[in-house]
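Q: mind folding the following:
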Amino acid sequence: MAEPDDTGLFDADWYRNRYPDIEAAGVDPFGHFIAYGEAEGRDPNRWFDSAWYRDRYADVADSGLTPFAHYRRIGAAALRDPHPRFNAAWYAAQHPEATADPLLHHCRVGEALGWATEPAVTAGRIGIGIVTFNRMAMLRDTIQAVRDHTRHEQVEFVVADDGSTDDTLAMLRATDVPVVTGPNRGVAWNKNRALYLLAQVRRCEVVILLEDDTAPAQPGWEAAWIEAALRWGHVNFAGGWLRSHFRSGQGTPDDPFMADAITAQCAAYAREALDWGGYFDPRFHGFGHEHVEHTVRLIRAGYGGTNRMVDGARQLRFALIEGGVTARTAVSHENPEQLARNAVVGREAMADRSYRAPWRDEQEREQFRTEIKTAIAARPRGFALSGRTIVLPPPFEGGGQGEGAPHGEAPTPQATSDQPLPPTPSLKGRGSSCSPCP
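A: Just a heads-up that it's a prediction; the model follows:
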């Protein structure tokens, strides 16, 4: 059991906030930790993760000790990491006086001084993609917000259009916005257009994917998404309507909310996560369940959350951050028949943890390749994010049907470049969330 709280390793205020039942019961936090909390696997401070420590070090389960007791007796001196965001060996190298117990030193001294617990993460080239269908006016505002608020220097940018039949393409071409488009194939295929182009073709280290109803709301918004993606591999948006599903965390890149539900408006991906976990499953058509399946698959590959055994059952938690973006109310393209079909696909896909390419067969591969090559050929000056203010062009003859129009098909683009492609290594709308497929 825990020793008396004379070490500085127990944070009573944090314990109360982390475990609301302690606050509600009005019990002494440290007394509860000694009598019950440690044996239950509760954490004494924000920098010790009992479940993670037990899973990380196989000898803990065989020792007969609680994770915290094991760390105190064995782990600290061995410079074992107490938390996924605490690199004990690196911390001791930066502060030799902390070598005997990096966690204890940080709790006593380093945290108050703002010392880092791991090396800084940085990104060179990043990608920002916006996915859209028949929401020209909303898309225009989102693009402008990205241009106004993005501060990272090396940014590749593209809009993935899923065969819009309104004035979307005219607006994008008139305002010099990079676009990849093709026949209407649904959310999964369209998100793959942006992800593959930015991660595989443009070789961005991190890709941030926005749906057209979600826009940056503060300068430098992308920094949190970059940091979170580099730390966790994949991270999703912590929409306020999901608050009842947050199980732990603060919603920051170093301590994201761990939740049992997700929403699809904004997500960030490290290229490494896509290389190992793959892309959205192309078996999904239209709209529904594709985002859940993809995130679950990435978590099982080690990116974007936690996947643990709890009381004999598998428990998935999704990593979410707030990330300086705002989701707006939009007309949904939801189709009940598509949702029902995709629910069946989702159940089948969940059983398959293997890597997914953006296509299923040769015909789909050639269609996808044509779309990507056409986008590349149309941008001889590249895909850089420009600061040009968007001015809507006048309506053209035979204009579109406006936001909320039924899905239609755009003409299949023809490839105009022989540039080779590199080898491949869910719910929309504010207030909508998704949890694992049934």
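
Q: quick one: contacts for the spatially most central residue of the chain?
A: The centroid of the chain falls nearest to residue 235 when counting by C-alpha atoms, centre = their mean (1.9 Å). By C-beta atoms under 8 Å, 6 or more residues apart in numbering, residue 235 lies in contact with 225, 228-229, 253, 256, 267-268, 304, 319-321. C-beta here means a position set from N, CA and C on the backbone, and glycine is covered the same way.

Q: got it, and residue 18?
A: Contacts of residue 18 (C-beta under 8 Å, 6+ apart): 42-43, 46, 248.

Q: do you know how far it is from residue 174?
A: Between residue 18 and residue 174 the computed distance is 52 Å (C-beta to C-beta, to the nearest Å).

Q: inside strands: which ones of the contacts of residue 235?
A: If you go by DSSP state E, those have 267-268, 319-321 in strands.

Q: residue 215 touches residue 145, doesn't it?
A: Yes: between residue 215 and residue 145 there is a contact at 3.9 Å, judged by C-beta atoms under 8 Å.

Q: those two: which is more packed in?
A: Using other C-beta atoms under 10 Å as the criterion, residue 215 and residue 145 rank with residue 215 on top: 25 against 19.

Q: is that one part of a helix or strand, or is it coil?
A: strand (DSSP: H, G, I helix; E, B strand; the rest coil).

Q: for it, what are its contacts?
A: Taking C-beta under 8 Å, 6+ apart, one finds 141-142, 145-146, 325-326, 328 in contact with residue 215.

Q: circling back to that earlier point, ok, and the most crowded of the ones in strands among the contacts of residue 235?
A: residue 268 leads the ones in strands among the contacts of residue 235 on contacts (other C-beta under 10 Å) with 31 neighbours.

Q: in this structure it contacts residue 205, no?
A: No: judged on C-beta under 8 Å, residue 268 makes no contact with residue 205 at a distance of 10.9 Å.

Q: re the thing from before, among the contacts of residue 215, the buried ones, what's the ChimeraX command?
A: Buried members of the contacts of residue 215, defined by 16 or more other C-beta atoms under 10 Å, are picked up in ChimeraX with:
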select :142,145,146,325,326
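
Q: element containing residue 231?
A: helix 222-232 (DSSP states H and E).

Q: so how far is the following helix or strand past that helix from its chain's centroid?
A: Remark: after helix 222-232, the chain's next helix or strand is strand 234-237, criterion DSSP H and E. Distance of strand 234-237 from the chain centroid (C-alpha atoms, centre = their mean, to the nearest Å) equals 2 Å.

Q: quick one: average pLDDT of strand 234-237?
A: For strand 234-237, mean pLDDT is 97.

Q: which stretches in the stretch 201-350 of the chain count as strands?
A: 206-211, 214-216, 234-237, 246-248, 257-259, 266-270, 305-310, 313-321, 325-327 (DSSP state E, counting those that start in this stretch).

Q: lowest average pLDDT across the ones you listed?
A: Among the strands of the stretch 201-350 of the chain, strand 305-310 carries the lowest mean pLDDT (a mean of 81).

Q: buried stuff in that strand?
A: The neighbour-count check on strand 305-310 (16+ other C-beta under 10 Å) flags 305-306 as buried.

Q: parallel or antiparallel, list what pairs with it.
A: strand 313-321 (antiparallel) (DSSP bridges).

Q: check the offset of the partner strand from the chain's centre.
A: Strand 313-321 sits 12 Å away from the centroid of its parent chain (C-alpha atoms, centre = their mean).

Q: follow-up on the earlier one: of the contacts of residue 215, closest to residue 75?
A: residue 325 (38.2 Å; C-beta to C-beta).

Q: show me what contacts the closest one?
A: Counting by C-beta under 8 Å, 6+ apart, residue 325 has contacts 210, 214-217, 221, 237, 265-266.

Q: ok, it to residue 150 distance?
A: In terms of C-beta to C-beta, residue 325 sits 12 Å off from residue 150.

Q: likewise for residue 295?
A: With distances taken as C-beta to C-beta, residue 295 is found 24 Å from residue 150.

Q: which of those two has more residues huddled nearby?
A: Counted by other C-beta under 10 Å, residue 295 and residue 150 do not tie: residue 295 has more neighbours, with 26 against 21.

Q: who's in contact with that one?
A: Taking C-beta under 8 Å, 6+ apart as the test, what residue 295 contacts is 234, 236, 262, 267, 304-305, 318.

Q: measure it to residue 384 for me?
A: 29 Å.

Q: and for residue 250?
A: 34 Å.

Q: do the same with residue 88
A: 41 Å.

Q: which one of those two has more residues nearby?
A: residue 88 (24 against 11).
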